[in-house]
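In: after the sequence you'll find the predicted model.
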Amino acid sequence: MSNETNVPLPACLAKTWKQSEGSVLAGRDVLTHCLIVGTVAQKLIAQMPDWLKEAYFPEGSALVVACHDDGKVSPTFQHKIYKNLSATPEDIWAVLKSHTLDENAQWGGHAGVSQVTLEHLDAGKYIAEIAGQHHGWSPNIGARQAIAEVFGGQPWLSQRIVLIEQLKTALKQDFPAVENAIQAKLLAGLTTVSDWIGSGSLFDDPNEDWQLKIEQAIEQAGFVAPKIKQNLSFAQLFGFEPRQAQTALIELANQPGVYVLEAPMGLGKTEAALYAAYQLLAQNKATGLYFALPTQLTSEKIHERVDAFLKTILEEDSLHTSPLLLHGQAWLKAQMGEDAAPGGEWFSQGKKGILAPFAVGTIDQALMAVLHVKHGFVRTFGLAGKVVILDEVHTYDAYTGTVMDELVDTLRQLHCTVIILSATLTQERRQALLKTPVVEQAYPLISGVAHDTLTEITIEQMEAKSVAIHIEADTQAAIEEALSRAEQGQQVLWIENTVAEAQAVFLTLSAQASGLNIATGLLHSRFTQSHRQINEHQWVTAYGKAGWAERNQQGRILVGTQVLEQSLDIDADFLVTRLAPTDMILQRLGRLWRHDNPNRHAQAQCEVWLLAPALAQAIENPKQAFGHSAWVYATYVLCRTLQLWQDLSQVNLPQDIRTLIEATYQTRTETDSLATYLHELETQRKKLRSLALQGMSAIGRAKPDEAVTTRYSEQETVEVLLLKQVELNQTHQNQLGTWLTFSDDHREFYPHNGRAFGHKKWRELAAKLQLSLVKIAIHQTPKAVKQKNLAWLKDYLYLGYPDEQADAAIRIALIREDDQLITLDGSPQINEKYTLSYNDWLGYQTLKTEG
């Protein structure tokens, strides 16, 4: 073989096979791997509804998928894979040893070779690009052609062509016509997902019959069509008869389209949307459900409600009776290879959840389906044909609003049913989301567009709730009032606009409540997921219907941030809130006297204290007057809000909602300082729209998730891993690894070879680390660490594109006994400008260093 210029096709490897003791053997050859992936795609297509297959997945789609790794039949890739084997055959190495180019840096790796090969065969522009993109982005192949010497010249090209002919024969397919960009995105998503499933551990051993494992692999990855019970009534699902508004939405949203339900807090928007989703699922008009929340932290009770909903609508023998909900991390246990395996870029509940038949996740993951982001097309594929419920959609800034408009338009093309829920939409935003002129001004209101026909349905008014308004400039006076009411036994809610302010108020309140029969709690975004789940469960239960029986046993004060204004079914007797835009204030008022509670304290009054400066002071010096809030919300909007609310002594809900929203956001001519603030806002809006359009443009290389944003902020964020102790290079059960002690003092061994204790344990260990991550503004995090210094974590957490010299995509810190965060080597010099600390009652805290 030493005289040959290439490696025979059967000896061209697609995979290595890592053993539990660490040795690396030859895995599947390229042809077999491509057949596995193509067959997985065939099975996935077969279980799709006919209307989705006919629209986007014609005969031949599985062949497109199967050709993705044709480029692995190239000298540089085979050099790389044979070099990694524990033992390399000498005759093959003699052919490969001189091919040492860094193919990823030069032309995007084997995916680029697949692309130029399919271009050479005139398979179609989109088909070639799909193969090139299957690792997340388009390779930089430049002017290179399939016959290029660096790709092995004619001998290796001939073998790649033979491989494609063998795939055509085995799959009994030829290339289809791919009509447009949206179809290409869906096929690209199918290609990547099929590749992840076909690269799972079930196919590791090349000596086993892969055909017997296809169904098992698809099931273990969670891609099995759910079995839906038929003819369930609304009352059977939720235990009560539907209101008029719920019935109206259910009757209207009976086919793919875009539907908007504008209604006050407490009307039952969630149940209405879920029953509409059930109808579509039962009639095979939808493939699944994605329930998108504003943030990860508005979640616990929504997950419980969706979980109960799914347990009711699914047949007992359905795979999903224990739903693969994002929140429970069950989806992380799904067996998928490569990028979706532990340590891969897509091994996180936020990303993988969008692929599950049913998931509760953040709206950000859906928005990334239309941004030019790595694997954005995987999200597009994950959403196709689903009911997508966008919950708590309000007046987002121009950046997010622009991306959301594009998302809704794309979902319509994907045959999705989009149900948008909001208590506080402006007329302008409703029109933008529906992409058609609207007429009706009533509130509550249902609007829908299906087959380009607009329907608007007015809903009967609910009984009014009158809320007394008190404007207060003195935070200390509000603290005393909150303590006084809590001492009586009332349940008080206090909402701040920043985590730092919430932490400071909580410390003051908890100190002054000491010795009184008052419980104090704190909820915000800077807790690890494990602590946040515990805190949220405790406090949402105490303030929800489940806590009614114990409500009067003691007074309580719950302090938090914007997470308390969204998607949480909590009921406070008294509310204190920092001034925010009108729509946010109204959301917060939705947590005040939410239910007709028989156990409400006798002295409670339905009242809110708005912490706000005098209007003249705010207009003259907004940064000083509004404090930290001026960095969160636009100065002009805060001034308009204060101008509106300063003279109100009460509001009637829901009757006043539309009037208050429109009065805040309606366009008007301004003078003096307000004109300046308006100009600043308009300039910023133009900038944000431009940035959003740039983010959606497919020009240039797709960016990794951490390099793009769905919410505009000038503060870059990064995830921080928080642990108590790290014991490197330890031996346990004959494995070299690291002992990690978590914040709850639980100690776990992480072998350096993640597969050492089996794939199931490997995924469980990786999933546990996800619970100890917290996302923080990058200037308030520990110093960056090189990937090579965190190599012991690379099998469990994504550290970034492999490069030992590059900084890891995460930061890491140890929690000292006094709660201060320190570096892995014990240094307290973890950040130049801030002292950092963490505990389970305050969360992640940053204090600016003196000087």
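Out: Looks like it arrived, so ask away. Residues are numbered from 1 along each chain as shown.
In: hey, let's count contacts and neighbours off CA atoms from now on
Out: Noted.
In: domain map for the protein?
Out: Domain ranges of the chain: 9-220, 234-458, 465-653, 717-848, per automatic domain parsing.
In: average pLDDT for the third one?
Out: Domain 465-653 shows a mean pLDDT of 93.
In: any idea which of the domains of the chain scores lowest on pLDDT?
Out: The bottom spot among the domains of the chain, by mean pLDDT, belongs to domain 234-458, with a mean of 84.
In: so what's the residue count around His759?
Out: 19 (other C-alpha atoms under 10 Å).
In: equivalent analysis for the one 5 residues further on, please.
Out: Here the count is done by other C-alpha under 10 Å, and Glu764 has 16 residues near it.
In: looking at this, it is in a helix?
Out: Yes: if the criterion is DSSP: H, G, I helix; E, B strand; the rest coil, then Glu764 is within a helix.
In: how much space between it and Gly361?
Out: Noted for Glu764: a distance of 20 Å to Gly361, by C-alpha to C-alpha, to the nearest Å.
In: list the buried residues in stretch 166-182.
Out: For stretch 166-182, a neighbour-count test (16 or more other C-alpha atoms under 10 Å) marks 167-168, 171, 173-176, 178, 182 as buried.
In: which one of these sits closest to Val150?
Out: Comparing the buried residues of stretch 166-182 against Val150 with C-alpha to C-alpha places Leu167 closest, at 24.6 Å.
In: still on that earlier bit, can I get the domains of the chain in TSV including distance to Arg668?
Out: As requested, the domains of the chain are exported to TSV (distance: least, C-alpha to C-alpha, whole Å):
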stretch	distance to Arg668
domain 9-220	40
domain 234-458	14
domain 465-653	11
domain 717-848	35
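In: list the helices and strands the longest helix seen in the chain packs on?
Out: The longest helix of the chain (DSSP state H) is helix 672-696. Helices and strands touching helix 672-696, by 3 or more C-alpha pairs under 8 Å, 6 or more residues apart in numbering; DSSP states H and E, are helix 398-413, helix 615-620, helix 635-645.
In: if we can go back for a sec, which one of the buried residues of stretch 166-182 is nearest to Val726?
Out: Using C-alpha to C-alpha, Ile182 is the member of these that lies nearest Val726, at 46.7 Å.
In: quick one: the helix or strand containing that closest one to helix 398-413, angle?
Out: Applying DSSP states H and E as the criterion places Ile182 in helix 181-198. For helix 181-198 against helix 398-413, the angle by axes from the mean of the first three to the mean of the last three C-alpha atoms, to 10 degrees is 90 degrees.
In: mind exporting helix 181-198 as PDB, just the C-alpha atoms?
Out: Provided in PDB are the C-alpha atoms of helix 181-198 (Å, rounded to 0.1, in the frame of the first residue of the first chain):
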ATOM      1  CA  ALA A 181     -33.700  29.200   1.900                       C
ATOM      2  CA  ILE A 182     -36.200  28.200   4.600                       C
ATOM      3  CA  GLN A 183     -36.300  24.600   3.200                       C
ATOM      4  CA  ALA A 184     -32.500  24.600   3.100                       C
ATOM      5  CA  LYS A 185     -32.400  25.700   6.800                       C
ATOM      6  CA  LEU A 186     -34.800  22.900   7.800                       C
ATOM      7  CA  LEU A 187     -32.800  20.300   5.900                       C
ATOM      8  CA  ALA A 188     -29.600  21.700   7.500                       C
ATOM      9  CA  GLY A 189     -31.200  21.300  10.900                       C
ATOM     10  CA  LEU A 190     -32.300  17.700  10.100                       C
ATOM     11  CA  THR A 191     -28.800  16.900   8.900                       C
ATOM     12  CA  THR A 192     -27.200  18.100  12.100                       C
ATOM     13  CA  VAL A 193     -29.700  16.400  14.400                       C
ATOM     14  CA  SER A 194     -29.500  13.200  12.500                       C
ATOM     15  CA  ASP A 195     -25.700  13.400  12.700                       C
ATOM     16  CA  TRP A 196     -25.900  13.900  16.500                       C
ATOM     17  CA  ILE A 197     -28.200  10.900  16.900                       C
ATOM     18  CA  GLY A 198     -26.100   8.800  14.500                       C
END
